[in-house]
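> This is a predicted model, with the sequence first.
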Amino acid sequence: MFDLLSDRLRQTLARLTGRGRITTADVDAAVRDVRLALLEADVNFRVVKDFTARLRERATGEEILESLTAGQQIVKIVHEELTELLSRGDRILHLSGSPAVVMLVGLQGSGKTTSAAKLGRHLARQGRRPLLVAADPYRPAAAEQLSVLAAQAGLPAWQSPDDTDVPATVRGAVRAARDQGRDVVIVDTAGRLTVDEALMAEIRDLAADIGPSETLLVVDAMTGQRAVDVAEAFHAAAPVTGLLLTKIDGDARGGAALSISAVTGLPVKLMGTGEAIGSLEPFHPDRLAGRILGMGDVLTLAERAQEAFDERRAREMSEKLARNTFTLEDFLEQLQQVKRMGPLGELVGMIPGLGGLAGEAQASIERGDLTRIEAIVRSMTRAERNDPTMLNGSRRRRIAAGSGTSLVEVNRLVKQFAEMQKLMRQLGGSGRRVPVGLGRR
């Protein structure tokens, strides 16, 4: 989502970091470029005005202009200001009560139902025992959709008879949660195509009836400034405690995600980073600012790796690399684990210094490069994966036909794997230990 903004900011700041001392004119030019980059990214103009004013004031201080590392210090200032911009309000998810009740509200199509399942999965990973409840009697098959998504997340879903009103449905779910030992009830409420008083009144009445510990407004980050307008309207008319941004991985310009807290005063507490049930993360302003500026996000990368990789298997893979017994079967397993961590472009962008390669990495995925590699390996027999030296010409032609690729691509993969094995032998012969992390790539 932030690719265009990230590229513009990195280019602007790179012109400063390549110098020694800088002048006020240099700062003015950089601030002007930052302003244009934010506006082009659809950031609210009032937010841009305040942001660039603070940036210029801090960047033109005497200690900055006289410093030999002024460029690096300005990068630090931009990072701090971006973090501050994204840090409004209390971002902690408060789950009080027995059970705690979390209401998800928002317009139709914002992703409430999917987000309910994602939030349930996220809380279950933390040791919670969520129960999902369908409180949308208006949209056809809304309850069935929630049940399907809940099953994918490995969670139960509560559904009342069709003639039950919404407050009674939620009260029944709360009682069921207590009986079943569930400590969180996630309520998927009804939406509307537009903000209207009937929707707001329904949310206010339901909140007054059940007393949720959190009422999260689900906002589609792809809708640009309309998302900010919707958040303002909800905040003014309903007891919203925070925001859950969906489709943060989309290709929109991203300005709404940067503007929404500053304009509404509501904290962003969670963000959806993909379509998978597991793709929901707590919102960390400093980490997102680092990604936007190409500084990476090692902490989130490590957390995703910890979730996707089995520690025992990672050690085994590392030992196989060290002993040069790593096979194409192992490679296929590692490839599946990396895919579970999220889009490759996003992962590359989390590695410090490689933010500029994120687009190229994602383009490689969209071209189907990894898919073709996976198809080639899957078209091999287990014996061939474990011993690629047995791949003669006829076997390679069979693999190419079976995988829908070309003989050239099969030969390239086999050659690259052989070169990697050769490198591992050289590292082993020199007495140098292969880093554990290599088994996780």
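That came through, no problem. Numbering: from 1, shown residues only.
> Can you check the pLDDT for S67?
Here the pLDDT value assigned to S67 is 69.
> Sketch out the strands for this protein, chain order is fine.
100-105, 130-135, 157-158, 184-189, 214-220, 242-246, 268-272, 280-282 (DSSP state E).
> Check the burial of the residue lying closest to V27 once chain neighbours are set aside by counting its neighbours.
Leaving aside its sequence neighbours, V27 sits nearest to A59 (CB to CB, 6 or more residues apart in numbering; 4.8 Å). For every residue, glycine as well, the C-beta is placed using N, CA and C. Burial of A59 is recorded as 25 neighbouring residues (other CB atoms under 10 Å).
> next one: W158
Neighbours of W158 under the rule other CB under 10 Å: 26.
> so how far is L119 from it?
15 Å (CB to CB, to the nearest Å).
> follow-up on the earlier one: wait, the residue nearest to V27 touches I77, no?
Yes - counting by CB atoms under 8 Å, A59 does reach I77; the two are 5.8 Å apart.
> For the spatially most central residue of the chain, which non-adjacent residue is closest in space?
Within the chain, one residue has its C-alpha closest to the average C-alpha position: by CA atoms, centre = their mean, that is T273, at 2.9 Å. Nearest-residue entry for T273: S279, 4.7 Å, with adjacent residues in sequence omitted and distances by CB to CB, 6+ apart.
> Now the phi/psi pair for the one you found, please.
With angles defined as degrees, to the nearest 10, S279 sits at phi -90, psi 60.
> so who does Q72 touch?
T17 (CB atoms under 8 Å, 6 or more residues apart in numbering).
> do you know how far it is from T215?
Counting by CB to CB, the gap from Q72 to T215 is 42 Å.
> same check, this time on R58
Note on R58: its distance to T215, by CB to CB, is 36 Å.
> okay, those two: which has more neighbours?
Relative neighbour count places T215 above the other of R58 and T215, with 22 against 17, counting by other CB under 10 Å.
> ok, the more buried one touching H235?
No - no contact is recorded between T215 and H235 when judged using CB under 8 Å, the distance being 10.5 Å.
> ok so, going back, in contact with the residue nearest to V27: list those residues for me.
27, 30-31, 74, 77.
> so which of those residues is the most crowded?
Within those, most neighbours by other CB under 10 Å means I74, with 26 neighbours.
> isn't that one right next to R15, touching?
No - the pair I74 / R15 is not scored as a contact, 10.5 Å apart, by CB under 8 Å.
> Need the overlap of contacts for those two.
Contacts common to I74 and R15, judged by CB under 8 Å, 6+ apart, are A30.
> For the stretch 201-350 of the chain, give me the ranges with low pLDDT.
Under the criterion of pLDDT under 70, the regions of the stretch 201-350 of the chain flagged as low confidence span 224, 249-254, 294-324, 338-350.
> go again using 90 as the cut-off
Residues of the stretch 201-350 of the chain that meet the criterion pLDDT under 90 lie in 201-211, 219-240, 245-268, 271-350.
> what about D33, how many neighbours?
Burial of D33, expressed as a neighbour count using other CB under 10 Å, amounts to 16.
> how about the nearest residue to it, chain neighbours excluded?
In space, D33 comes closest to T12 once its chain neighbours are excluded; the distance is 4.2 Å by CB to CB, 6+ apart.
> any idea how far A207 is from V240?
When distances are taken as CB to CB, A207 and V240 turn out to be 9 Å apart.
> Between those two, which contacts overlap?
By CB under 8 Å, 6+ apart, A207 and V240 have these common neighbours: T215.
> ok, now which ones touch the closest residue to S160 other than its chain neighbours?
For S160, the nearest residue in space outside its immediate sequence neighbours is T169; the separation is 4.1 Å by CB to CB, 6+ apart. When the contact criterion is CB under 8 Å, 6+ apart, the partners of T169 are 133-135, 137, 158, 160.
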